[in-house]
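**Q** predicted model follows, preceded by the sequence.
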Amino acid sequence: MTVPFYMCCQYVDGKFCFVLHEWCAKLPLKVQHHVVHPAHTFFLLPKIPSKFFGVFNCNICKLPSNGFAYGCTMCGIYVDINCAFIPKEITHDAHPNHLLSKVKPLVKLTKRNCKACNYPMRFRWGYDCTSCDFYIHLDCALFLPRVTKHKCDEHTLSLRYEPAENHISEYFCEVCEDEFSPWKWFYHCTRCAQSMHTTCVPLILQCEKSRMTYDSGGVYNFLNVKFGGTLEIKGHSHHLTFVQGLESDGRCIKRRYVLELSMIFKCLEFALMDQIDHFDHHHPPSLVHLQQPSNKSEEDDDEDEEKDEDADNFVEEEHHGGKCNMCNEQIWSFHLSYYHCESCL
C-alpha cells in the first residue's frame, strides 16, 4: 500500500489476516440523514448479514460489493463506503471550467447520456452542468483514476475524454482486442499508441476479458468486489473459491445458467476426470493424454527424431481437425491432454 494502514499481527495461511487503510479504520460508526435514506440512521457494517457471502449492490453506484457498507438493515438499503460520503459538487478535468453538481436518477434525464460511457443518466446518480448540458455518472466521475498502470504497457496510461491526437479512425483495446469508439472515455499510452477500455484496465489476464464487460458502463463491474474467499459444500471434496466467471467456465452444474459475467464459486483443484458430461454434446467425451511416460527403446527414439516436428506436435485431423470445438484453437502436445468423443470420429 502507498497510504498509511493498520494491520492485525495474527497470521492466517502465512498472511496478515486483517488490513485496513487509516481512512477506513476511522470511519464514523453511523451516518444520519443520508441523502439516499434520510428517514433512518445508517450504521457501519463490516458485512451485510442478510446477504450471501456479504455481496450487495450499492444503492448509489449500483455496483456489487462485499466490503464495508453503511446501511439500514430494517429497510434493506445499503451503500458502499465510497459512496457514503460523495460530495455535492466536484470539479473534473473533462469539464474544467464549471463546477459539477450532484444529481439524482430522474425520469426527466431519460434523454441525457453520460459523457464517459454514453449510457442514460436516468437510472444512476451522477453529476451535471446544466448550463453546458454536461452529464456524467457518479462512478464514472469518481472511480476512474486520471492515470493508471497495466502489465500490457510499461508506461503510465492516461484517461482520455476524446480521440487521442486527433486520431479518430480504428481503436482496439490491448486487453480484450475488440474495437471501441474513441468518443467514450478510454485509457491511452501516447508513447506506445496503445489504448484500453476503462473496464478492461483492472483485468490482469487476457482470458478474464468479457465480450460484454465494457457494454455495462464505464467502470469495471467487479471493482468493489474482493474475490478469493472459499466455501465448503456437500458432495465435493475440495473447497470452492469465490472468483469472477469466465467464458471458459461454461454453465452452472446445477441450474445451467451461463457463468460468464457472474460472481461464481469454482473448484481450482487440478483434477481431470476420465470422462465428463458436457452441455454442448450428446455423448460423454473421454480424456486423452498427449504425453505419457515412454518405454520406447533407443532405436524407436531415433526413428521419432526423423519425423516432422509439426506432425509430432499437432493432433491429426481425425480429431475434429485438431481444434477445440469450444475455443477453436489448435490442440498441441504441450496441452498434455484433451477430451474427445470416440462416437463422433
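**A** Here it is on my side, so go on.
**Q** ok, Asp139 touching Leu63?
**A** Yes: taking contacts as C-beta atoms under 8 Å, Asp139 lies within contact range of Leu63: 6.4 Å. In short, each C-beta sits where N, CA and C put it, glycine included.
**Q** between the two, what contacts are shared?
**A** Val219 (C-beta atoms under 8 Å, 6 or more residues apart in numbering).
**Q** who has more neighbours, these two?
**A** Each of Asp139 and Leu63 has its neighbours counted (other C-beta atoms under 10 Å); Asp139 has more, 27 against 22.
**Q** just say helix, strand or coil for the spatially most central residue of the chain.
**A** The residue lying closest to the centre of the chain (C-alpha atoms, centre = their mean) is Phe222, at 5.1 Å. Secondary structure state of Phe222, per DSSP: H, G, I helix; E, B strand; the rest coil, is coil.
**Q** my read: Asn113 touches Arg122, true?
**A** No: counting by C-beta under 8 Å, Asn113 does not reach Arg122; the two are 9.7 Å apart.
**Q** quick revisit: nearest residue to the residue nearest to the centre of the chain in space, please, no chain neighbours.
**A** In this structure, Phe222 finds its nearest non-sequential neighbour in Gln244, 5.8 Å apart by C-beta to C-beta, 6 or more residues apart in numbering.
**Q** how close does that neighbour sit to Asp93?
**A** Gln244 sits 30 Å away from Asp93, going by C-beta to C-beta, to the nearest Å.
**Q** residues near Ser237, how many?
**A** Using other C-beta under 10 Å, Ser237 has 8 other residues around it.
**Q** likewise Lys108?
**A** 8.
**Q** could you do the one 5 residues further on as well?
**A** Look at Asn113: counted by other C-beta under 10 Å, it has 16 neighbours.
**Q** contacts only, for Leu27.
**A** Neighbours of Leu27 in contact, by C-beta under 8 Å, 6+ apart: Leu44, Phe68, Ile81.
**Q** ok, Pro28 next?
**A** Neighbour list for Pro28: Leu44 [criterion: C-beta under 8 Å, 6+ apart].
**Q** element containing it?
**A** Assigned by DSSP states H and E, Pro28 falls within no helix or strand.
**Q** check the nearest residue to Met326 once chain neighbours are set aside and give its pLDDT.
**A** Distances taken as C-beta to C-beta, 6+ apart place Asp280 nearest to Met326, at 7.3 Å, with adjacent residues excluded. Looking at Asp280, its pLDDT is 76.
**Q** what does the one 5 residues further on give?
**A** For Pro285, the pLDDT comes out at 84.
**Q** does it touch Cys341 like I think?
**A** Yes: counting by C-beta under 8 Å, Pro285 does reach Cys341; the two are 4.7 Å apart.
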